[in-house]
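Peer 1: Need a 3D model of the sequence below.
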Amino acid sequence: MPEQPDYDLHLPKALTYPVPVALVSAGLATLLYFLLRRMPVLAGVLCGLSLLVGVVYTGVHVFLRRLTNLQFRLQARDKFLDGIPWRGDENVLDVGCGNGILTMGVAKRLTEGKVIGTDVWTEGSGANRLDVFVENARIEGVADRVEIQNENVRNLPYDDGAFDVVISGLTVHHLGFDTERAVREMVRVLRPGGWLAVYDEPSSVFYSARLMRRLGLMVERKTTNIVYGTKQSATTEPEARPR
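Peer 2: Predicted coordinates for the structure are as follows:
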């Protein structure tokens, strides 16, 4: 059996107990009903809250389980990358590359170009490890077209306009108050005419789209999870690079 790359994305441990949480929620609601049955209004409110916790927890579990499903993620990756008109000779930056599911997808579309995957590799980063990225590149047969670097998107070390394409998948939502700084950096290292593409949850994509427009990119949102922008000129960014 041929080797398979490791692109696993695991659920947070706290969200892996839908059946026990549902049972506890239902059991607590039943107990509250019998204890407070002489106070129907209070009993109804507390029982409803207990059941709501179980429903919300289970709903979040189901949603994230689908989001972390490998087949679903591969399909989402291809849909995301298909929105970029590849020539095959691009220099590409993958911001927050993790184990390289996007990086390797890009590399397979290149003939002469190269893709750099960047992330902040630290102890305790879970399944996202530098050695797994390197091994995935070998298994996928694209090791000659990829490079891995330990860099923070908030302060990228690359020259202005160094890349034809900059992509980011499921990274923006981790950036919090630094999102604007990170998007500015991604725009700065993008060449005029180049593509910036972000895949993330809807609120992060909406905010990224707004920042991209503010920085002068021509922006098109394909779905609630995907936004593309093209850089119009070398003077796109109106403000100085943040320090």
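
Peer 1: The closest residue to residue 151 other than its chain neighbours: what's it in contact with?
Peer 2: With Cβ to Cβ, 6 or more residues apart in numbering as the measure, residue 118 is the residue that lies nearest to residue 151, at 4.2 Å, once sequence neighbours are left out. Every C-beta, even on glycine, is put in place using the N, C-alpha and C of the backbone. Applying Cβ atoms under 8 Å, 6 or more residues apart in numbering to residue 118 gives the contacts 93, 94, 95, 96, 97, 148, 149, 150, 151, 153, 156.

Peer 1: again with residue 86
Peer 2: Counting by Cβ under 8 Å, 6+ apart, residue 86 makes contact with 109, 110.

Peer 1: Name the SS class of it, please.
Peer 2: On the three-state scheme (DSSP: H, G, I helix; E, B strand; the rest coil), residue 86 is labelled coil.

Peer 1: Please state the offset of the strand ranked longest in the chain from the chain centre?
Peer 2: Of all the segments of type strand in the chain, defined by DSSP state E, the longest one is strand 190-199. In terms of Cα atoms, centre = their mean, to the nearest Å, the gap separating the centre of strand 190-199 from the centre of its chain is 16 Å.

Peer 1: which residues are in contact with the helix or strand where residue 134 lies?
Peer 2: In this structure, residue 134 sits in helix 130-140 according to DSSP states H and E. If you take Cβ under 8 Å, 6+ apart as the criterion, helix 130-140 is touched by 3-7, 97-100, 103-104, 107-108, 117, 121, 143, 146, 148, 150.

Peer 1: Now, these that are in strands?
Peer 2: Where these overlap with strands, as defined by DSSP E, the overlap consists of 117, 146, 148, 150.

Peer 1: Residue ranges in the chain under the pLDDT threshold?
Peer 2: Across the chain, the stretches falling below the confidence threshold (pLDDT under 70) are 1, 9-12, 67-68, 122-128, 233-243.

Peer 1: let's see it at 80
Peer 2: 1-2, 8-16, 61-70, 121-129, 222, 233-243 (pLDDT under 80).

Peer 1: residues touching residue 15, list them.
Peer 2: By Cβ under 8 Å, 6+ apart, the residues touching residue 15 are 57, 60, 61, 64.

Peer 1: Could you measure from it over to residue 63?
Peer 2: Taking Cβ to Cβ, to the nearest Å as the measure, residue 15 falls 10 Å from residue 63.
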